[in-house]
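# Below are the sequence and a predicted model; questions follow.
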Amino acid sequence: MKVLKFGGKSLSNGEPIERAVNIIKEEARTGAIAVIVSARGQSTNLLLDLYARAVQGKNFEKELENFMDLQYMQGLDADLNAYQQEVGAVLHALQLIGIDSERARDRVLAYGEVISARTVASLLRREGLEAVFVDARDLLYARATANETVVDFPRSKSSTLAFFNSLQAHQIPVITGFIASDPTGRTITLGRNGSNYTATLIASFIRASEVQNWTDVDGVYTASPKYVKGAQRIPHLSYREANELANFGANVLHAKTILPLVESGIPLKICSSLAPGRQGTLIDENGSGKGIKAVTTVEDVSLVSIEGRGLLGKVGIDARIFSALSSRNVSVRLISQASSERGIGFVINKEDAAAAEHALTTEFKDELEHGSISHIRIDSDMAIIAIVGRHNYSLEKAIYGLRRNKVWMHLISNSINGEQISLVIDNKSLKKAVNVVHNQVFGAIKSLNLFAFGKGTVGGRLLDQIIETGDEVVKRRNLKINIVGVADSVRMIFNEDGLGRNWKQELAESDQESSLADIIFRLGESGLENIVIADNTSSQELAEQYPVLVNSGFDIVASNKKANSISYEFYQNLRNNLKRKGKLFYYETNVGAGLPLIDTIKHLHNSSDRIERIRGVFSGSLSYIFNNYSIQDKDFSAVLTEAKNLGLTEPDPREDLSGLDVARKLIILAREVGLKPELEDVSVQSLVPECVSDSKDYAELYSRKEEVDAYFEQIKRGLTEEEVLRYVGDLEVKENRLTVSLVKVSRNSPLGNIKNADSIFEIYTESYGAQPIIIQGAGAGSEVTARGVYSDLLRIGGQY
Ligand SMILES: Nc1ncnc2c1ncn2[C@@H]1O[C@H](COP(=O)(O)OP(=O)(O)O)[C@@H](O)[C@H]1O
Ligand SMILES: N[C@@H](CC(=O)OP(=O)(O)O)C(=O)O
C-alpha cells in the first residue's frame, strides 16, 4: 500500500484541490492507497486566530463565518454546516472561561484537518472512489511532555493495524493528519507541519511500500526556494541527510518525519502537486552518496549571551544555565562557548525569550550583583543559517560573502562531525544572507543586483547591453545581473526581480520621484545581496555621495569622472573608505572610454617600471573635431555640430571646448601615478575663443559661430602641409606638470596619424625609454563607453 500525504497548500480552494483529487484518482488506479490530509490552505493559522480571540474574550463570529466560507465547496455529500455550530460552541465556551490551555487549543485546531478529510473523502466519492473519512484520533495516541508530543507507538500501531485490517478492498481511507488522542482521550497535535509525521507513522505501522508527500515544491531544494531563486532540486537524499535538513529548518519536512521510515526502509518521495509529472526528491537509505548540500534557515530565534570574568574556569556554570532553562521548558538550539570561557552564547526559540531571561537572571542574581557576570543579553529577531553537509572551505566562503555584503555574524557553531555549520545573523538580513551563503557554498549562479543612475546615451546603452547579453553572461560567467532599479534626475523605478526590455517606458511613466536617500534606504531594506551602483551621469552631487554608498555596502562602477577629479582630499578619503569597507570602485571608462588604459597604468605603476610621461589625445570628441577639421575644408562650427550629433561630445560641448574634460582626465591619470594635483594645477588652453568666452550657454556660443569659425581659421592657416592640429594632454611626472593645449604635430607622427574619434595615449616609462607604449582606439561614443562600464561590472561580478 502507498501512503499519500497532501499538505495544506496542495488542498487550497480552486485548482490545487482539483489537482489533488486527480492525483489520488491516478494513484488509486495503480493499487491500494491511503490518503493523509492537512488542514486546507491557511486553515490552521485561521483557527489559531479564532482560538486566541475566544480565550481573550473577543468576538469571533465574523471570523468564524469567514473561516467556514473558505471551507465551503459545492456539491459535497458531507454537511460542513454542522461544524460551524460545533466550532462555534467550543469557542463560545472558551470565551466564557477564558483559560488558555494546550488541549483546548488543539481541540480547536483539529477542526482544520477534520473538515479537510471530510471534504477530500466526499470529493473522491463524487469521482466514484470508495473513500472513507478517518479521524486519526481513533488511530494515534500520544502524550504531552514538557517540550513536545511523544507518540505511544505500541498502542498507535495496534489500533492502526486493526483499522487497516478492517478495511475492505478498494476502500480508500482519507485520514486527518496532525492530530492524535492523549491518554485521557483529549485531542493532542503533533506540532506544526505535523501531518508529514502522521503519514510516515502510519506508513511504518502498516509497512507501506512508499510515502508520497505532495506539496507545492517539486522536492527538497539546496535552499528554500522562497528565498533563493537559483536553488537546485536535490534528486536523492539519504534518511540521515534529510533528517539533518528537517532539523535545520527545511520546512518541506517536519523534524520527525524521517524517523519512522528509517527502521522499515520505506522510501519517501517529495512530489509537486503543482506539476505532478515532474521528478521530485527521493529519500531512502542510500541517498546520492555525495554528502549533503543544502543551506537551510531557521527564522525568529533569540540569541542569549552571558559574559563576565566570573565564567572563567568556573565549574558548573553551564550546568546551572541549562538546568535553569530546562526548569522553564526552554530548549536550546545551538551553543557556542568562547575558548577563554569568558562568554557563552546560545540560541533559543523567540517565544521562549522572556522565560529564558527570567530563569537566567534569577539563577545568576548574585553573580550579576557582584559583577562577576557583566551581562545576560537577549537579542531577539535573529535567524540561523545552517550549511548542512561536508563541504571544503564552506565556512571561509560563507564568511567572505557575508562580510562583503555587510551581514554580521553573531555566533558561529561548527558541529563536531564537521557536517553542519550554523551562523547566527539578524533576521532582517536573512534573505540576503541565505542567497550569499548558498551561492558561495555551491558556486551556483551568482547574482549581481544593479541600480543604475543615468539613462542617457551611456547609461541607457549599458542597460540595453546587459539585457541583450544576460543569458550569455549566465552561461559563460555564472553571473546573473539583475537591474533592480534605474533613476534619472527626475524619476526612479524599482523591481527586485529585475527590470526587462521596457525599463525605459516604465521609467518614463513612473510617479516615484528620484531621491538618493530613498534609493539607499530601499536597497538596504530589500535584502538583496551583491548590490552595485552604476553612475553614468555627470553629476558632481551624486559623486559626492559615493562614500555614503560605500558605507551602505555597495560597490560602484562609474563613467562619471567627477569623483576622481574633484578635490584630492575627497579622492583620498574615498579610497580609504573603500579599503576600510572592502568595497570596489571601477572607473576604467573615465579616461579613453573602453580602452584598457587605467588598468594598464595601474599595472605599470604597481610594477617596478616608473611612468615618466603620459601624452596624447585624451578626448574622443576633440580628436574627431581636429582630425577632421585639420584636413577638411569645413567650418569649425560645422565639424563641432557633426560631433555633437554623433553623441561624441559632452551634453554641453562647452565642457569639451573649455578643456575641462581633458584636464579632468589628466588629473585622474596623474593621481593614478601617485601625484596629488588639483584642477587648478592644470595649465589649460581653452578652445573657447576669448571673444566669445562670455557666452552664458552653448546656444549663445553657437549663435556667435562666425567669430568662433574665424578664430580657428586663423590657427589653421598657420599649419604647413606636413602638419595637423591636435588637442593634447601632457603629464610630465617628474616635473609634476600637467598641460592641455592645442598643438601642431606632424601628420606622420603617431598623434598626427589618428582618425575618427580615436584617442591615443603615449606612455613613456623608465624601461621603455624614448619608445612609448601606445594605446590607441575608439575613445568616445556611447557604445564603447557602455561596454567599458559593462566590463567593469563583470569584473566586480567575478569577485563575488
Ligand atoms: N530546502 C527546501 N526545499 C524545498 N522547500 C523548502 C525548503 N525550505 C523551505 N521550504 C518551503 O517548504 C514549503 C513546503 O512545506 P509546507 O509549508 O509544510 O507545505 P505543505 O503545506 O505542503 O505541507 C515550500 O513552499 C517551501 O517554501
Ligand atoms: N495543518 C497543520 C499541520 C500540517 O502538517 O500542515 P502542512 O502539511 O500544510 O504543513 C499546520 O498547519 O501546522
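Received, thanks. Ligands and ions are numbered 1, 2, ... in the order given.

# Just the pLDDT for I416.
I416 is assigned a predicted lDDT (pLDDT) of 65.

# now K269, which residues is it bridged with?
Q212, L282 (DSSP bridges).

# what about whichever residue of the stretch 551-700 of the chain sits closest to ligand 2, which helix or strand?
Per CB to the nearest ligand atom, G553 is where the stretch 551-700 of the chain lies closest to ligand 2, at 35.5 Å. (Glycine included, C-beta is placed from N, CA and C.) Using DSSP states H and E, G553 maps to neither a helix nor a strand.

# what about the nearest residue to E102 once chain neighbours are set aside, distance to ligand 2?
Computed as CB to CB, 6 or more residues apart in numbering, the closest residue to E102 that is not its neighbour in sequence is A144, at 6.6 Å. Distance, A144 to ligand 2, using CB to the nearest ligand atom, to the nearest Å: 16 Å.

# what sits against A144?
Contacts for A144 were tallied using CB atoms under 8 Å, 6 or more residues apart in numbering; they are 102, 150, 182, 188.

# What score does the residue of the stretch 551-700 of the chain closest to ligand 2 have for pLDDT?
So, for G553, pLDDT stands at 93.

# From what I see, it and R403 are in contact.
No. In this structure G553 lies outside contact range of R403 using CB atoms under 8 Å: 10.0 Å.

# Show me which of the two is the more surrounded one.
When neighbours are counted by other CB atoms under 10 Å, G553 comes out ahead of the other of G553 and R403, with 21 against 15.

# Okay, domains of this protein per the record?
In terms of domains, the chain is parsed into 2-41+113-290, 295-427, 446-584+789-798, 598-780 (source: automatic domain parsing).

# Distance from the second one to the middle of the chain?
To tie it back to what came earlier, the one meant is domain 295-427. 25 Å (CA atoms, centre = their mean, to the nearest Å).

# May I have the distance across it, first residue to last?
15 Å (CA to CA, to the nearest Å).

# Backbone dihedrals for N449, both of them.
phi -100, psi 110 (degrees, to the nearest 10).

# What pLDDT is listed against it?
Looking at N449, the pLDDT reads 96.

# on contacts alone, who are the packing partners of the least confident helix or strand in the chain by mean pLDDT?
Across the helices and strands of the chain, mean pLDDT, DSSP states H and E gives its lowest value to strand 332-337, namely a mean of 80. Applying 3 or more CB pairs under 8 Å, 6 or more residues apart in numbering; DSSP states H and E, we find strand 332-337 packed against helix 317-327, strand 343-349, strand 411-414.

# any idea how far the closest residue in space to R795 that isn't next to it in sequence lies from V132?
Nearest in space to R795, with sequence neighbours left out and distances taken as CB to CB, 6+ apart, is Y586 at 6.1 Å. Y586 is 68 Å from V132, where distance means CB to CB, to the nearest Å.

# just S637 next, same as before
Taking CB to CB, one finds S637 at 93 Å from V132.

# Looking at the stretch 551-700 of the chain, what residue ends up closest to ligand 1?
G553 (26.2 Å).

# With neighbour numbers in mind, choose between Y586 and V132.
Legend: neighbour count by other CB under 10 Å for Y586 and V132, higher for Y586 (21 against 15).

# Check the contact between the more buried one and D792; I expect there is one.
Yes. Counting by CB under 8 Å, Y586 touches D792, with 3.7 Å between them.

# Which residues are in contact with each of these two?
With CB under 8 Å, 6+ apart, Y586 and D792 have common neighbours V557.

# Name the residues of the least confident helix or strand of the chain that come out as buried.
332-334, 336 (16 or more other CB atoms under 10 Å).

# Any chance of JSON lines for those residues, columns distance to E244?
Shown next, in JSON lines, are the buried residues of strand 332-337 (distance: CB to CB, whole Å):
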{"residue": "V332", "distance to E244": "18"}
{"residue": "R333", "distance to E244": "14"}
{"residue": "L334", "distance to E244": "14"}
{"residue": "S336", "distance to E244": "19"}
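
# any idea which of the residues you listed is the one closest to ligand 1?
R333 (16.8 Å).

# In contact with the closest one, which residues are there?
Applying CB under 8 Å, 6+ apart, we find R333 in contact with 298, 301, 346-349, 384.

# hmm, which two among those are most spread apart?
Greatest spacing in the contacts of R333, by CB to CB: V298 and F346 (13.6 Å).

# Which stretches in the stretch 1-150 of the chain count as helices?
15-30, 43-55, 61-71, 81-97, 102-126 (DSSP state H, counting those that start in this stretch).

# Any idea what the closest residue to T149 other than its chain neighbours is bridged to?
Excluding its sequence neighbours, the residue lying closest to T149 (CB to CB, 6+ apart) is A142, at 4.9 Å. Under DSSP bridges, the beta-bridge partners of A142 are V151.

# which residue ranges form the strands in the stretch 501-650 of the chain?
Counting by DSSP state E, counting those that start in this stretch, the segments of the stretch 501-650 of the chain that form strands are 531-535, 555-558, 585-586, 611-617.

# Columns distance to H236 on top of those strands, output as a markdown table?
Formatted as a markdown table, the strands of the stretch 501-650 of the chain follow (distance: least, CB to CB, whole Å):
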| stretch | distance to H236 |
| --- | --- |
| strand 531-535 | 36 |
| strand 555-558 | 38 |
| strand 585-586 | 43 |
| strand 611-617 | 59 |
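
# tell me the contacts of the residue of the stretch 1-150 of the chain found nearest ligand 1?
Nearest residue of the stretch 1-150 of the chain to ligand 1: G7, at 1.9 Å (CB to the nearest ligand atom). Going by CB under 8 Å, 6+ apart, G7 touches 38, 195-196, 213-216.

# let's go with 10 Å and repeat that
16, 20, 36-40, 177, 193, 195-196, 199, 213-217, 251-252, 273 (CB atoms under 10 Å, 6 or more residues apart in numbering).

# now S749
722-724, 726, 760, 762.

# quick revisit: need the least confident one among the helices and strands packed on strand 332-337, by mean pLDDT.
strand 411-414 - the lowest mean pLDDT of those, at a mean of 84.

# What strands flank that one, and is each parallel or antiparallel?
strand 420-426 (antiparallel).

# can I get the CA coordinates of the very next helix or strand once past the strand it pairs with in PDB?
Heading C-terminal from strand 420-426, the first helix or strand you meet, by DSSP H and E, is helix 430-442. Only the C-alpha atoms of helix 430-442 are listed here, as PDB (Å, rounded to 0.1, in the frame of the first residue of the first chain):
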ATOM      1  CA  LEU A 430      18.100  36.600   6.200                       C
ATOM      2  CA  LYS A 431      17.100  36.700   2.600                       C
ATOM      3  CA  LYS A 432      20.400  38.400   1.600                       C
ATOM      4  CA  ALA A 433      22.500  36.100   3.700                       C
ATOM      5  CA  VAL A 434      20.900  32.900   2.600                       C
ATOM      6  CA  ASN A 435      21.500  33.900  -1.100                       C
ATOM      7  CA  VAL A 436      25.000  34.900  -0.400                       C
ATOM      8  CA  VAL A 437      25.900  31.700   1.500                       C
ATOM      9  CA  HIS A 438      24.100  29.500  -0.900                       C
ATOM     10  CA  ASN A 439      25.900  31.000  -3.900                       C
ATOM     11  CA  GLN A 440      29.200  30.900  -2.200                       C
ATOM     12  CA  VAL A 441      29.000  27.400  -1.000                       C
ATOM     13  CA  PHE A 442      27.600  25.900  -4.200                       C
END
